[in-house]
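# Test case, fold it:
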Amino acid sequence: VCVGNALMLAGSGGATFAWSGPNGFVSAQQNPTIANVTLAEAGVYTLLVSSGTCTASTTATIVINPLPTPQIVVNTPVCVGQALNFSGSGGVTYSWNGPGFINNTQNPSIPAASMANNGAFVLTVTDANNCTNSTTQNVVVNPLPNVNATGATVCENGNATLSAGGGVTYSWSGPNGFTSNSQNPMLSNAQLNVSGQYTVLVTDANTCTNTAVATIIVNPAPVATINNNSPICVNNMLSLSGSGGVSYSWIGPNGFISTSQNPNFNASSTAYSGNYVLTITDANGCTA
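Numbers count the residues shown, from 1 in each chain. This next block holds a predicted model:
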């Protein structure tokens, strides 16, 4: 029998019985049982039977088989989506039982682990003597980081900032061979060709990774134009006209200001001679 099982002895041939054996065993029962045996119960057992004044004895050699020693090797912890690879030893047949998992091979695997696989996995092995034993290994499946990423909409020649969160290290890639290991990189003096999608690979404290995508939009700068009826004489109307935007802001000599697209005013002195600056804003909020 195997260690831990019951050893059942059976005698016959007389009216009274006297058993003796290893580990101090004695019994006057005809058919005694030793529960939960250990290796110390292995050896020669003697049965003395009596019938009246006559006695006789016999012996039996009892074998107690040790339990197998199962061992588990598993690549825990892993991240969600990674493979869990189990390796068992110590027996000739194997039975695995764990959260969401049953398998009878020696070295099974879960190709893509999920959070449902967190917990205790039990391996039961049976050896050549048909003795069984079990061992337990706790498995940890870590969640992927919850990544957030944001891009920006900027005007041509502006500064576009990417931002991300959810991890401890960051790796960005994007158009025109852009790469950065900064959490919140800035693209200075952005041109139209930096518009596009930027991918960030985020790694958390458990070395689990996840990705997110952010978009940068670079709106072209508007083109401002000015027309005027210069030169003119004093006390004539100075006509200015602008184009290229949806809103306009003029400044000029002698305190001149206007928000009209095409302002006209009486140039009452030569003090209105000089440079007039028009700032336009387009529908995207970009200025020139």
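# Please count neighbours and contacts with C-alpha atoms only from this point.
Will do.
# for Thr211, which residues make a bridge with it?
Leu201 (DSSP bridges).
# so how far is Thr199 from it?
Plainly put, Thr211 is 7 Å away from Thr199 if you go by C-alpha to C-alpha, to the nearest Å.
# show me where the stretch 151-288 of the chain has strands.
Under the criterion DSSP state E, counting those that start in this stretch, the stretch 151-288 of the chain carries strands at the ranges 152-155, 160-161, 163-165, 169-174, 178-180, 186-187, 196-203, 209-219, 225-228, 236-243, 247-252, 256-258, 264-267, 277-281.
# and those strands as a markdown table, adding mean pLDDT?
Compiled in a markdown table, these are given as follows (pLDDT from 0 to 100):
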| stretch | mean pLDDT |
| --- | --- |
| strand 152-155 | 97 |
| strand 160-161 | 97 |
| strand 163-165 | 97 |
| strand 169-174 | 98 |
| strand 178-180 | 97 |
| strand 186-187 | 96 |
| strand 196-203 | 98 |
| strand 209-219 | 97 |
| strand 225-228 | 97 |
| strand 236-243 | 97 |
| strand 247-252 | 98 |
| strand 256-258 | 97 |
| strand 264-267 | 96 |
| strand 277-281 | 97 |
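# nearest to Thr135, of those strands?
strand 209-219 (31.7 Å; C-alpha to C-alpha).
# list the helices and strands the closest one packs on?
strand 148-150, strand 152-155, strand 196-203 (3 or more C-alpha pairs under 8 Å, 6 or more residues apart in numbering; DSSP states H and E).
# Which of those sits closest to Gln29?
Using C-alpha to C-alpha as the measure, strand 196-203 is the one of the helices and strands packed on strand 209-219 that comes nearest Gln29, at 70.1 Å.
# packing partners for that closest one?
Using 3+ C-alpha pairs under 8 Å, 6+ apart, strand 196-203 sits against strand 169-174, strand 209-219.
# Now render those as TSV, adding mean neighbour count.
What follows is the helices and strands packed on strand 196-203, written out as TSV (neighbours: other C-alpha atoms under 10 Å):
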stretch	mean neighbour count
strand 169-174	18
strand 209-219	19
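# wait, which of these is closest to Thr58?
Of all these, strand 209-219 comes closest under C-alpha to C-alpha, at 71.7 Å.
# any idea how far the closest one is from the chain center?
Strand 209-219 sits 20 Å away from the centroid of its parent chain (C-alpha atoms, centre = their mean, to the nearest Å).
# I'd like the helices and strands packed on strand 209-219 laid out as a markdown table, including distance to Val277 and mean neighbour count.
A markdown table is the format used below for those (distance: least, C-alpha to C-alpha, whole Å; neighbours: other C-alpha atoms under 10 Å):
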| stretch | distance to Val277 | mean neighbour count |
| --- | --- | --- |
| strand 148-150 | 36 | 18 |
| strand 152-155 | 20 | 20 |
| strand 196-203 | 34 | 20 |
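# what's the closest of those to Val223?
When the helices and strands packed on strand 209-219 are compared (using C-alpha to C-alpha), the closest one is strand 152-155, at 12.6 Å.
# and that closest one, which strands flank it?
Sheet pairing for strand 152-155, assigned by DSSP bridges, gives strand 209-219 (parallel).
# just the angle between the strand it pairs with and strand 196-203, please?
160 degrees (axes from the mean of the first three to the mean of the last three C-alpha atoms, to 10 degrees).
# then strand 209-219 to PDB, C-alphas only?
These are the backbone C-alpha positions of strand 209-219, laid out as PDB (Å, rounded to 0.1, in the frame of the first residue of the first chain):
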ATOM      1  CA  THR A 209       2.800  46.600 -22.000                       C
ATOM      2  CA  ASN A 210      -0.100  48.200 -23.800                       C
ATOM      3  CA  THR A 211      -0.400  50.700 -26.700                       C
ATOM      4  CA  ALA A 212      -2.500  53.700 -27.500                       C
ATOM      5  CA  VAL A 213      -2.700  56.100 -30.500                       C
ATOM      6  CA  ALA A 214      -2.800  59.900 -30.500                       C
ATOM      7  CA  THR A 215      -3.300  62.200 -33.400                       C
ATOM      8  CA  ILE A 216      -1.500  65.400 -34.200                       C
ATOM      9  CA  ILE A 217      -3.200  67.800 -36.700                       C
ATOM     10  CA  VAL A 218      -1.200  70.700 -38.100                       C
ATOM     11  CA  ASN A 219      -3.300  73.300 -39.700                       C
END
